[in-house]
Each structure stands twice: as structure tokens, then as C-alpha cells.
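**Student:** here is my input, please return the structure:
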Amino acid sequence: MKKIKFRPSRLIGAMIGVVVVTFVSDAVRRTLIDVDLEDCVKDRGKFYHADMIDKPDGEMLKNPTESEGVEKLGSSPKAYGTEAIYVGALVPANENIPIYRDETLPLVNLADVKNEFYSVLGESLPLNDEAAEAFNSMMAGYGNATALADFAVYGTDSTAAGEGSPCPELYPDCASGNTVDVALLGWGSVISYDGMDVEGWVVENCSNYGYIVRYPMGKSDVTGENYCPWHLRYVGQPHALIMAANNFCLEEYVEYLKQYSQEAPLESKVGETVYKIYSVSSAGDVTYIDAPLKGNFDVSGDGKSGYIVTVRE
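**Tutor:** Residues are numbered from 1 along each chain as shown. Here you go, the predicted model:
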């Protein structure tokens, strides 16, 4: 019997042949089946054309309702229930519109984190962390501009309202964790803040720190409340600046935003930061809103029929 001699050169040649055949076959397949990923969406790691979403008999989607969880390239859909319409910094709460605090936001005691530019009246003054930081910055700005430290925080989530109180009324949006009621320290007493004189700096400049006078002068026919300079509400930038520039109260601003969509948002620039703001109408029990994979993303309810999206790029 003739003995077969092993030749390494033959094995190497065979392996090269397999690689060449595989490469040529793959090139032919890519040429015949041209998939453009720019018009695709991704679901569970698979790519397919977006126009397949609405086809019940599509190869990838057997059930058209699966499209609700589809992740678009560059964004990720997040679900919001109807209760979220009443959560967020821009809900214009009143006796008919409730507001609930966003439990995902850190809460601090303003009495523990305050700076030297103002006083507090009370030991428990809970406030959302971002609102507290902005308030401290505003009070520092006021102190540096006026050389005064005569403001005192009278309440946040609750206020000793009533006859003789510097803040005679407790407003519904105190439940948001974004409100501050202020008074002034007088000679041995506490007096109401009327927004006048040198202390009017706060009314004029609070928008630079993301705050608004919740019930501004001349808007009682819209807000249902008289001018109330002592009740400040944190809505964040750029919203406070846009409202100040257009003389909007919160109700007017929320209504104004309804004309802007994800495709055609309101754009605003604060410093070097660009914001895109738009409204999304509620789709019922669950509404899916595209959250960009890059940049900060915030959603606030509008208190009525949908959501306000703010994208910080």
C-alpha cells in the first residue's frame, strides 16, 4: 500500500481558496442586497427599513404594535403615562390642575445648604437640589449687586399663610419642590416682600437664574392670582429667560410652546449651550417620546394634554 505523504503547502493552498471563495460570495451578496442604514431603525440589534413598521406582514415585525418599542438610530423611546402630565417644572398648577413632585430629583433642606447671603425662617425647607443651587446663586448675585442680605426664605413646600403673614397664601405648586416664598428682614420684624425698591433686583433678575415670579404683575386675568412677588418658582433655563423676554406668565408660555414640534422645535441659546424645546401631545394611556442618545433630555407635563420636551445639546 502506497504511503500518502503530507504536504503543508497543499493545506495552506486549500485554506486560501476557502477564504477567497467566502470573500467573493459575501461581496456578491452585498451588491445584490443593498441595505441603506440611514433609513433604518434598530430593534433588538437588528436593522430594517422604517417603512416596514406599519406592515403587519413585514418580515421583521409580525405584529404592528411592536413598533411602539422600536429604537430609532440616535434616540431611544421612553414611555410616559397620563400621570406625567402633572409632573415637572412647567406644570402651571392651580386649584383645578394638580402638580406632583418629580421623585427622581434629589431633595435637599435649604436650611442646611444655604449661603450667607440670606436667612431662613424654619428648620425644614425641602427643595429640589437644582432649584436650591440656583436660589443660592441668585441670592449671591443680589448680595454682590446691592451689598444687602435682607431676604429670608419663609417657606418652600409649606408656608405659614394667613392674616399677618409675610406670605398670605399657600399656592398649589408648592408641592412641586420648586417654589420659594420670601420675605424681608426689618428692624426686629419680618415684613412682606413687595418687589419694590432695591429689593426689586430679584424680580428683575430672577430669570437669569432660572426663576420666575409665578404670578407676575398684570397677568391676573390669565393666572387667576394677583401680583405675588414673594412666590418664586424655579423652571430652569432657558424657559425663564424666554418668558422674561416675551413677558409671558407660565400659562401663556405653555400655550405658546404648543406650536413647536420635534421636527420644528423652538431653539434658544444660553451662553454656549443650545436648547431645543417642543411639545408632544398625549397619545392616551402611554405616550412614547424620543430621548436623544446625546445631550441632556428633560420632559415636563403641561398640566393639560401633553408634555414639554427640552433637549440640551
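
**Student:** which residues of the stretch 151-300 of the chain fall in strands?
**Tutor:** Along the stretch 151-300 of the chain, counting by DSSP state E, counting those that start in this stretch, strands occupy 151-155, 179-185, 190-192, 211-215, 228-234, 266-270, 273-281, 286-292, 296-301.

**Student:** contacts for the last one?
**Tutor:** Pointing back at strand 296-301 there. 78, 80, 84-91, 236, 289, 291, 307-312 (C-beta atoms under 8 Å, 6 or more residues apart in numbering). Using the backbone N, CA and C atoms, a C-beta is placed for each residue, glycine as well.

**Student:** and stretch 159-167, how far out from the chain middle?
**Tutor:** 32 Å (C-alpha atoms, centre = their mean, to the nearest Å).

**Student:** and if you look at stretch 108-116?
**Tutor:** For stretch 108-116, the distance to the chain centre is 24 Å (C-alpha atoms, centre = their mean).

**Student:** what is the burial count for Val190?
**Tutor:** The number of residues packed near Val190 is 16, by other C-beta atoms under 10 Å.

**Student:** would you turn the strands of the stretch 151-300 of the chain into JSON lines with distance to Arg101 and mean pLDDT?
**Tutor:** Putting the strands of the stretch 151-300 of the chain into JSON lines (distance: least, C-beta to C-beta, whole Å; pLDDT from 0 to 100) gives the following:
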{"stretch": "strand 151-155", "distance to Arg101": "15", "mean pLDDT": "96"}
{"stretch": "strand 179-185", "distance to Arg101": "11", "mean pLDDT": "96"}
{"stretch": "strand 190-192", "distance to Arg101": "27", "mean pLDDT": "93"}
{"stretch": "strand 211-215", "distance to Arg101": "16", "mean pLDDT": "98"}
{"stretch": "strand 228-234", "distance to Arg101": "12", "mean pLDDT": "97"}
{"stretch": "strand 266-270", "distance to Arg101": "25", "mean pLDDT": "95"}
{"stretch": "strand 273-281", "distance to Arg101": "21", "mean pLDDT": "96"}
{"stretch": "strand 286-292", "distance to Arg101": "20", "mean pLDDT": "91"}
{"stretch": "strand 296-301", "distance to Arg101": "12", "mean pLDDT": "93"}
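
**Student:** looking at the ones you listed, which is nearest to Asn246?
**Tutor:** strand 266-270 (11.0 Å; C-beta to C-beta).

**Student:** bridged to Ser192, which residues?
**Tutor:** Per DSSP bridges, the residues bridged to Ser192 are Ala183.

**Student:** check contacts around it.
**Tutor:** Ser192 touches 166-168, 183-184, 230, counting by C-beta under 8 Å, 6+ apart.

**Student:** by neighbours, which of the residues you listed wins?
**Tutor:** Among those, the one with the most neighbours (other C-beta under 10 Å) is Trp230, at 26 neighbours.

**Student:** give me phi/psi at the residue found closest to that one once you drop the neighbours it is linked to in the chain?
**Tutor:** Nearest residue to Trp230 in three dimensions, chain neighbours excluded: Tyr193, at 4.3 Å (C-beta to C-beta, 6 or more residues apart in numbering). Phi and psi for Tyr193, reported as degrees, to the nearest 10, are phi -90, psi 120.

**Student:** so Tyr193 sits against Ala183, correct?
**Tutor:** Yes. With contacts counted by C-beta atoms under 8 Å, Tyr193 reaches Ala183, the gap being 5.6 Å.

**Student:** identify the contacts common to those two.
**Tutor:** 151, 166, 230.

**Student:** could you dump those residues into CSV with distance to Glu267 added?
**Tutor:** Putting those into CSV (distance: C-beta to C-beta, whole Å) gives the following:
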residue, distance to Glu267
Phe151, 34
Pro166, 40
Trp230, 33
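
**Student:** which one of the residues you listed is nearest Ile277?
**Tutor:** Trp230 (28.1 Å).

**Student:** so for stretch 264-283, what gets flagged as buried?
**Tutor:** By 16 or more other C-beta atoms under 10 Å, the buried positions in stretch 264-283 come out as 265-266, 268, 275-280, 282.

**Student:** same check on stretch 160-172?
**Tutor:** 165-167, 170-172.

**Student:** ok, so of these, who is nearest Glu225?
**Tutor:** Tyr171 (7.6 Å).

**Student:** show the pLDDT at that closest one.
**Tutor:** For Tyr171, the pLDDT comes out at 92.

**Student:** could you pull up the residues touching it?
**Tutor:** 93, 179, 214-215, 225, 228, 231.
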